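Chemist: Dropping the sequence and predicted coords here.
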Amino acid sequence: MITNASKQTIARANIYSFLATAFSYPSQEVIEELDKALPLITMDIPNEKQNNDFLQSLVRLRQAMERTEGRQTIQAEYSLLFAGKDKLKLSEVDDEKTGADLAQRLADISAYYLAFGLQVAEGTGERMDFVGTEVEFLHALLLKRYNAEQQGWDEQAAICSKAEVQFLKEHAFQWMPGLAEKLSGQDGFYGALGELLLAFMRVEQTYCIS
């Protein structure tokens, strides 16, 4: 039976999956995936202001993608923002706020992944603290939780839920809102992506408190 709570779980999972793809290098394949996934993003948020902010960020992102003149434009934005001399940091331990305890933070992130039978695939070149990797982990956790809820495995669902909240508080919330704010001041696709990430992080912060 799919309850309202389960619908919210899968909706959140879909958003994290989209974010994981959106922060990947914008190859033609990635852009095609984003085009297909963006219309499927939806979430019923009880808080009216948060709901409006989230919906507005979705509208801006759709508009930014519609204005894009092919993958070269997004690739140029990506290179300018993330590969230049003054590039924005896309990894947790590179962030000024969290980087002091680099070894401990990486060990903690790794422990979360291993606890749920996950690890960064070899050959991807991605770090375990990369924003795309962290949101993909949260996506996987939510899918595990959803499956447990559908099977009636209350204990397993509760374990996943607790891990979500802890990982968000100990890692994602420590640096992703700051990254989102920096991005949201930019033009184009990544500026709109920053707005979406920021709006979603605010929703997730409310979820963790409730």
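Modeler: Cool, got the structure.
Chemist: hey, let's count contacts and neighbours off CA atoms from now on
Modeler: Will do.
Chemist: what's the neighbour count on Asp68?
Modeler: Quick fix: residue 68 reads Thr, not Asp. 13 (other CA atoms under 10 Å).
Chemist: That one is in contact with Ile74, isn't it?
Modeler: Yes. If you go by CA atoms under 8 Å, Thr68 and Ile74 touch, sitting 7.2 Å apart.
Chemist: Could you list the low-pLDDT ranges of the chain?
Modeler: Applying pLDDT under 70 to the chain flags the ranges 1-4, 69-70, 85, 96-100, 123, 209-210.
Chemist: where along it do the helices fall?
Modeler: Under the criterion DSSP state H, the chain contains helices at 4-22, 28-37, 48-67, 71-82, 102-115, 131-151, 154-167, 173-184, 188-209.
Chemist: I'd like to know which elements the shortest one is packed against.
Modeler: Using 3 or more CA pairs under 8 Å, 6 or more residues apart in numbering; DSSP states H and E as the contact criterion, the neighbours of helix 28-37 among helices and strands are helix 4-22.
Chemist: residues of the helix it packs on that come out buried?
Modeler: 6, 8-22 (16 or more other CA atoms under 10 Å).
Chemist: Give the intersection of the neighbour lists for Thr68 and Ile74.
Modeler: Phe189 (CA atoms under 8 Å, 6 or more residues apart in numbering).
Chemist: any idea how far His171 is from Arg137?
Modeler: Quick fix: residue 137 is Phe, not Arg. 12 Å (CA to CA, to the nearest Å).
Chemist: One more: Thr42?
Modeler: Thr42 is 25 Å from His171, by CA to CA.
Chemist: So between those two, which is more surrounded?
Modeler: His171 (19 against 15).
Chemist: In contact with that one, which residues?
Modeler: Counted by CA under 8 Å, 6+ apart, His171 has contacts Glu92.
Chemist: For Phe130, see how far away it is.
Modeler: 11 Å.
Chemist: One more: Glu195?
Modeler: Taken as CA to CA, the span from Glu195 to Phe130 is 19 Å.
Chemist: The two: which is more packed in?
Modeler: Between Glu195 and Phe130, counting by other CA under 10 Å, Glu195 is the more crowded of the two (26 against 19).
Chemist: list the contacts for that one?
Modeler: Here Glu195 is in contact with 57, 180-181, 183-184 (CA under 8 Å, 6+ apart).
Chemist: Closest to Ile109 out of those residues?
Modeler: Ala180 (20.4 Å; CA to CA).
Chemist: Looks like that closest one contacts Ala192 (just checking).
Modeler: No. The criterion here is CA under 8 Å, and Ala180 misses it with Ala192 at 9.5 Å.
Chemist: okay, those two: which has more neighbours?
Modeler: Per other CA under 10 Å, whichever of Ala180 and Ala192 has more neighbours is Ala192, with 26 against 22.
Chemist: what about Gln104, how many neighbours?
Modeler: 12.
Chemist: And for the one 5 residues further on?
Modeler: For Ile109, the tally of surrounding residues (other CA under 10 Å) stands at 17.
Chemist: That one against Arg127, yeah?
Modeler: No. With contact defined as CA under 8 Å, Ile109 and Arg127 do not form a contacting pair (10.6 Å).
Chemist: show me what contacts Thr9?
Modeler: Thr9 neighbours (CA under 8 Å, 6+ apart): 142-143, 145-146.
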